[in-house]
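> Okay, predicted coordinates and the sequence, questions at the end:
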Amino acid sequence: MTTHRTLRPLVPAAAAALVALALAVPAQAQPRALGGALPAVTPRAETPVLHDDEAGGNADADDPAIWRNAAAPGRSLVIATAKEGGLRVYDLDARPVQAIAAPPAAREGGAPGRFNNVDLVHGMRLTSGRADLAVTSDRGHDRLRFYRIDRDRAGGPLGDVTDPAAPAVFSRDQDEADEQRTAYGLATWTDPASGRSYALVSRRERTSIALLELLPAAGGKVTYRKVRTLDLPSAFRLPNGTSWSPCAEPGELPQVEGMVVDPADGTLYAGQEDVGIWRLRADLTGEPELVDKVREYGVPGTYDEQTEECTAGTDPGFGGTRISADVEGLTLVTETDGDGYLLASSQGDDTFAAYDREREDDNEYEGGFRITPAGGVLDGSEECDGAAALNAPLGSRYPRGLLVVQDGHDSPGDGDRPATGFKFVDLGKVMDALDD
């Protein structure tokens, strides 16, 4: 979640074309009130609370992925990041199965491992045979890390297969990596034409997205090479002729975190947290298009160094009507007939927005929903960072699929300790709510 914001100058001339594309998205004329009467769905299960302090192992829930066990769908797994707490693996009852620690700092006083986002690659060819992989961005070391998935492996279903020689994603050296403008958001993609697998990785506090080809290494390990990078805009020309940048701490640019690739056509959807949702080719060629804007788009802000907060100015009315910054937690609900939804977490009002999956329909907005408490036993989801949906039967618990979302304020908490976790939601209930 981004809270420190300031104004930015205009983007360089090289990005001018992207700015023009942003202007092509018209300002919405509808009322811009937050929330509204959206349908509510309730979770069926929640993971044990994680605490982001020394007593809790500095564990902070962030992003989930759902691995389906084709041989026994009821024994599928949810794999989730816990930042400095590493990875957590849960069964479909949200019970812990395995905990993997993030690696220590590369040197004394340096940044420790910090697992930010996770996604899956299915059936990748390694020197030891084909395997399903969990791929995570290690923000602390500016690396990707890879874990082979074997449900019945002794010691836990995940085994580390990261090549020790895997390069930094963005940093030139360890000093730069320790500054933490490093690998952040992540989405995987396998090109059906070539069979090659890739990871799209965003950079913290920058607008960059890198395309990395995933490669087998000796001994059943996995490494990668950078194919290309693309920079989204950091400033925008508004319809009234003025320039606008999201407010942030000095030196920070509007970053991307939530990302997902539609495997049907290789479309990448990227959530630039304080700007909106971009649509672009997963190979990072061609021109990005801004699908929707956050409500706060175009609102001026002044950063206060004393409070480390932004003071918003008058809203000129150029923003969207459906999502509030930060936009995060992008995931796809795919259907066999080609329909489905792109879901996005709207952190500013604790809702989720659903867009038509088909780009031919210009990813039309289809509705939204909230995840609310269930009978006083389970709480809902607030300020959701990450989400994952799987529209496939998962045994008797989730015969219509599963949606897993991060909860940024798990309750009941434990005093003043930061508390986060993940909520498991019947995807069928979500689909029913959107279809009503």
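Great, that's in hand.

> which other residues reach the host helix or strand of Ala270?
Element membership for Ala270 (DSSP states H and E) is strand 267-272. Strand 267-272 is contacted from outside by 185, 187, 189, 200, 202, 207, 209, 232, 254-262, 277-282, 284, 288, 291, 326-330, 342, 344, 359, using CB atoms under 8 Å, 6 or more residues apart in numbering. No exception for glycine: its C-beta is placed from N, CA and C like everyone else's.

> What's the ChimeraX line that selects buried ones from those?
Applying 16 or more other CB atoms under 10 Å to those leaves a buried subset, and the ChimeraX line that selects it is:
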select :185,187,189,200,202,207,209,232,254,255,256,257,258,259,260,261,262,277,278,279,280,281,282,284,288,291,326,327,328,329,330,342,344,359
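
> Please narrow the contacts of strand 267-272 to those residing in strands.
Of the contacts of strand 267-272, the ones assigned to strands by DSSP state E are 185, 187, 189, 200, 202, 209, 256-262, 277-281, 291, 327-330, 342, 344.

> Could I get the contacting residues of the residue most central in space within the chain?
Centroid check for the chain by CA atoms, centre = their mean gives Gly258 as the closest residue, at 2.8 Å. Contacts of Gly258 were listed using CB under 8 Å, 6+ apart, and they are Gly185, Ala270, Gly271, Glu273, Val327, Glu328, Gly329, Leu330, Ala344, Ser345, Gly386, Ala387.

> Leaving out the residues flanking it, which one is nearest to Gly123?
Leaving aside its sequence neighbours, Gly123 sits nearest to Arg130 (CB to CB, 6 or more residues apart in numbering; 4.9 Å).

> Buried residues of the one helix or strand Tyr303 maps to, list them for me.
Per DSSP H and E: Tyr303 is located in strand 301-304. Going by neighbour count (16+ other CB under 10 Å), the buried part of strand 301-304 is Gly301, Tyr303.

> Show me what that strand pairs with in its sheet, parallel or antiparallel.
Strand pairing for strand 301-304, using DSSP bridges, gives strand 309-312 (antiparallel).

> mind listing what's buried in the strand it pairs with?
Cys310.

> and Asp436, how many neighbours does it have?
When neighbours are counted by other CB atoms under 10 Å, Asp436 registers 8.

> Verify the stated contact: it with Ala40.
No - with contact defined as CB atoms under 8 Å, Asp436 does not reach Ala40; the gap is 11.6 Å.

> how about the helices of the stretch 101-250 of the chain, start to end?
Counting by DSSP state H, counting those that start in this stretch, the segments of the stretch 101-250 of the chain that form helices are 174-178.

> Poorly predicted segments of it, please.
Within the stretch 101-250 of the chain, no range satisfies pLDDT under 70.

> Can you tell me how far Ser381 is from Ala59?
In this structure, Ser381 and Ala59 are 18 Å apart, going by CB to CB, to the nearest Å.

> Over to Pro164?
As for Pro164, its distance to Ala59 is 25 Å (criterion: CB to CB).

> quick one: which of the two has more around it?
Neighbour totals were compared for Pro164 and Ala59, and Ala59 leads with 23 against 7 (other CB under 10 Å).

> per-residue pLDDT, that one?
pLDDT, Ala59: 96.

> what's it in contact with, if anything?
Leu50, His51, Asp52, Ala82, Lys83, Glu84, Gly85, Gly86, Arg88.

> who wins for most neighbours among these?
Neighbour max across the contacts of Ala59 (other CB under 10 Å) = Ala82, 28 neighbours.

> That one contacts Ala61, correct?
Yes - counting by CB under 8 Å, Ala82 touches Ala61, with 5.9 Å between them.

> Mutual contacts of these two, please.
Joint contacts of Ala82 and Ala61 (CB under 8 Å, 6+ apart) are Leu50, Arg88.

> so what's Lys293 up against?
Contacts for Lys293 (CB under 8 Å, 6+ apart) come out as Val25, Val275, Gly276, Phe318, Gly319, Gly320, Ile323.

> Mind checking which of the residues you listed are in helices?
Per DSSP state H, helices hold no members of the contacts of Lys293.

> Tabulate those residues (a markdown table), appending distance to Ala105 and pLDDT.
As requested, the contacts of Lys293 are exported to a markdown table (distance: CB to CB, whole Å; pLDDT from 0 to 100):
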| residue | distance to Ala105 | pLDDT |
| --- | --- | --- |
| Val25 | 42 | 42 |
| Val275 | 33 | 98 |
| Gly276 | 35 | 98 |
| Phe318 | 43 | 98 |
| Gly319 | 40 | 98 |
| Gly320 | 41 | 97 |
| Ile323 | 36 | 98 |
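
> which one of these is nearest Val405?
Nearest to Val405 among the contacts of Lys293: Ile323, at 15.1 Å, using CB to CB.

> which non-adjacent residue is nearest Arg203?
Leaving aside its chain neighbours, Arg203 sits nearest to Phe170 (5.2 Å; criterion: CB to CB, 6+ apart).

> Tell me who's in contact with that neighbour.
Going by CB under 8 Å, 6+ apart, Phe170 touches Asp142, Arg181, Thr182, Ala183, Arg203, Arg206, Ser208, Ala210.

> what about the spatially closest residue to Pro399 that is not a sequence neighbour, neighbour count?
The shortest distance from Pro399 to any non-neighbouring residue, by CB to CB, 6+ apart, is to Pro393 (5.1 Å). Pro393 is flanked by 16 other residues according to other CB under 10 Å.

> circling back: and the furthest pair within the contacts of Lys293?
Phe318 and Ile323 (14.3 Å).

> quick one, which of these two is more surrounded?
Using other CB under 10 Å, the more surrounded residue of Phe318 and Ile323 is Ile323, with 30 against 22.

> Which strand residues bridge the more buried one?
Applying DSSP bridges to Ile323 gives these bridge partners: Val294.

> how near is it to Met259?
15 Å.

> ok, Arg204 - contacts?
Counted by CB under 8 Å, 6+ apart, Arg204 has contacts Arg139, Gln180, Arg181, Thr182, Ala183, Tyr184, Gln255.

> can you pull the contacts of the nearest residue to it once chain neighbours are set aside?
Nearest residue to Arg204 in three dimensions, chain neighbours excluded: Tyr184, at 4.1 Å (CB to CB, 6+ apart). Tyr184 is in contact with Asn116, Asn117, Ser137, Arg139, Val201, Ser202, Arg203, Arg204, Gln255, Val256, Glu257, counting by CB under 8 Å, 6+ apart.
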